[in-house]
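Colleague: This is the structure alone, sequence omitted:
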């Protein structure tokens, strides 16, 4: 079992990643040192990627940071406004409301991770018939268009004629108007978010499961371990690097939820202002209210929040991600 | 376990990609000034040009192709490229194009947006064509002509119009044993009919009428009928007594059980209730006709004028063709704009039956499209119609209406309290325009 985990920004790793991978199976080689004689070559190889990222990611980030300090006209043209947008933003209750909703959404979608771990290991049971069929079924929601998914779920959630409340009716439960009750609306969208992210998590986890050596299971079986014990003591600990990756990606994408929310709730839904996410708030200010400077400030706040949350996760990983 | 290193890489790229997407809101800064207003003049017959025509309704494209063919008989060398963008993306796209000065040469404009585009100098006024006698403003409904007049400049004339009426399912009236109202009915008649039908057919989940979730088809009309206003100069009209009465009308309708609740209407919209045969009376625009043709109970549908309050009123709205101030082929674009406003072009549009053309006297084809449904009421309504209330940045206070008014409709808060708050917030938004 060779698990390589690293701390981000560790210079040794970025240089030696390729060498390390190539050397797998062969006796480990000492990391190659960079020589002055390498000259321009490494940079030439990096140029396409660095160029693309600079033009399409870093430059827009810098622009957004700058524009967050300006006041925009509806069709371009700006005046420098200093920190006016930020002052107004931090006094705006909509920011805290949408942040709270985003946290609730993220929290619910994160519940999908343990579910995915459990389902992925079920699918990995030896001798399971139709395993690839199940994998396709679970992965389908991930590749389906969010708007199409949202339209179907909108019908399922319909308070009077929806499938969900119809089903709950058999259990004697009088279901709420899911998408038109504040609170319930966020939960409803998060359920769809959880459902559609499950497939991706399971694919990543399945790859992780494949790399757990079967000998470990055989050995534990000889020692009398039950399936459940194996799951807890072998599968989950050895999956922690994959779980860590999934949790980072899930949190980032949950903080950016927009399309599902917009399409399921509908733009004329009266509960939308109470149930909006951070990115919907950004969209509303930038593209409905035509206040692009303010929207840029919201985007910067989202950027910083995601940055902080991700940094915290990387710090905490040392406590629970299995490295050996 | 082998996935950590590559996955960490993917992660870094993922973070960058995600944030990039989120932040891909860049734009070019440009000064929005009025460009030189080129002299208007009908172009030479052999002017060679290629122009784009931006619009959102693909149902109208075949009629527009006919327009273009007729236009090309006059100007054989002007090529018109039709560019259809679905309504949901139309305005976002147009705003981006406006920011980069790449608007289509000729494009559809509506009431809520005309102020934004005209006041930022993106549109070419039609004064030249009017002075030359190529467009006669008196040929179109006056309130709609006024809608496209911003700061004393006329930017377009309507290509079509729509008014509001009550679409009625006669079969449900019969089933409930309620008499079909007459054309000169009042608010009380409407409320009574709605409650009676809802009560009689409650077992089948059928309602008499549906509450107001949309200004243009519902509460703007009742506000006007009660003598109120939505926007008055550059302040909100919601604090006025008439406006409160116009809002209260819908709160009463829901409170009496005459309408499904606001939540029910959010989950299933009023037009869906009607087309599923579960709603007897639906306040809707004349454009709703095209949704009715294929219904199994199309024969049971008839249109009634809106019930009158203190006075009779309906909202009128219509799309206009406008020319971009930055058009490279302004002469050709204006020639096309003038042609689309002509009686010939609008008659072609009307015959296609997708909407009511605006040119007086071209509307017969619409009323004949459902001969038994009394569609004439939509044309008669022009007489007492009031233009859709708009301002330079209507979207901002439209969002406030959607957020606040349902609290009054549902009875969650008293109407006076909600309208006062709405008026206050709307005034603040209008002050920023």
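Modeller: Ah, there it is. As the structure is a prediction and not an experimental result, all values here were calculated from the model.
Colleague: Please identify which helix or strand holds the residue nearest in space to the middle of chain A.
Modeller: Residue closest to the mean C-alpha point of chain A, counted by CA atoms, centre = their mean, is residue A:250 at 2.2 Å. Per DSSP states H and E, residue A:250 falls inside helix A:236-255.
Colleague: likewise residue A:318?
Modeller: Applying DSSP H and E as the criterion places residue A:318 in helix A:292-320.
Colleague: now for that helix, which elements pack on it?
Modeller: Helices and strands touching helix A:292-320, by 3 or more CB pairs under 8 Å, 6 or more residues apart in numbering or on different chains; DSSP states H and E, are helix A:59-67, strand A:70-72, helix A:84-90, helix A:93-110, helix A:236-255, helix A:278-283, helix B:4-23. C-beta coordinates here come from the backbone N, C-alpha and C atoms, glycine included.
Colleague: can you put those in CSV and add distance to residue B:114?
Modeller: Shown next, in CSV, are the helices and strands packed on helix A:292-320 (distance: least, CB to CB, whole Å):
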stretch, distance to residue B:114
helix A:59-67, 27
strand A:70-72, 21
helix A:84-90, 28
helix A:93-110, 28
helix A:236-255, 37
helix A:278-283, 23
helix B:4-23, 32
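Colleague: Please look at residue A:75 and residue B:94 and confirm they touch.
Modeller: No: assessed by CB atoms under 8 Å, residue A:75 is found out of contact with residue B:94, at 10.0 Å.
Colleague: rewinding a little: any buried residues in the helix holding residue A:250, and which?
Modeller: A:236, A:238-255 (16 or more other CB atoms under 10 Å in any protein chain shown).
Colleague: Provide the angle between the direction of that helix and the direction of helix A:93-110.
Modeller: Angle, helix A:236-255 to helix A:93-110, by axes from the mean of the first three to the mean of the last three CA atoms, to 10 degrees: 150 degrees.
Colleague: Would you tell me whether helix A:236-255 gets close to chain B?
Modeller: Yes: counting by CB under 8 Å from any CB of the partner chain, contacts between helix A:236-255 and chain B involve A:238, A:241-242, A:245, A:248-249, A:252-253.
Colleague: so can I have a markdown table of these showing pLDDT and distance to residue B:316?
Modeller: Output for the residues of helix A:236-255 next to chain B, formatted as a markdown table (pLDDT from 0 to 100; distance: CB to CB, whole Å):
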| residue | pLDDT | distance to residue B:316 |
| --- | --- | --- |
| A:238 | 91 | 70 |
| A:241 | 91 | 64 |
| A:242 | 92 | 61 |
| A:245 | 93 | 58 |
| A:248 | 93 | 55 |
| A:249 | 93 | 52 |
| A:252 | 93 | 48 |
| A:253 | 93 | 45 |
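Colleague: quick one: buried residues of stretch A:203-216?
Modeller: Those would be A:203-206, A:208-209, A:211-212, for stretch A:203-216 by 16+ other CB under 10 Å.
Colleague: That one: how far from the chain's middle?
Modeller: Distance, stretch centre to chain centre, for stretch A:203-216: 22 Å (CA atoms, centre = their mean, to the nearest Å).
Colleague: on that earlier part again, how far away from the center of its chain is the helix holding residue A:318?
Modeller: With CA atoms, centre = their mean, you get 12 Å for helix A:292-320.
Colleague: so residue A:140 makes contact with residue A:199?
Modeller: Yes: contact status for residue A:140 versus residue A:199: in contact at 6.7 Å, counting by CB under 8 Å.
Colleague: who's more crowded, these two?
Modeller: Neighbour count, other CB atoms under 10 Å in any protein chain shown: between residue A:140 and residue A:199, residue A:199 has more, with 21 against 12.
Colleague: which residues touch that one?
Modeller: Residues in contact with residue A:199 (CB atoms under 8 Å, 6 or more residues apart in numbering or on different chains) are A:138-143.
Colleague: one more time with 6 Å
Modeller: Taking CB atoms under 6 Å, 6 or more residues apart in numbering or on different chains, we find residue A:199 in contact with A:138-139, A:141-142.
Colleague: so where does it fall, helix or strand?
Modeller: Per DSSP H and E: residue A:199 is located in helix A:184-210.
Colleague: Return the angle between stretch directions for that helix and helix A:236-255.
Modeller: Angle of helix A:184-210 versus helix A:236-255, following the same axes, to 10 degrees, is 140 degrees.
Colleague: The helix or strand that comes right after helix A:184-210 relative to helix A:236-255, how many degrees between them?
Modeller: As assigned by DSSP H and E, the chain's next helix or strand after helix A:184-210 is helix A:214-222. Helix A:214-222 runs at 120 degrees relative to helix A:236-255, counting by the same axes, to 10 degrees.
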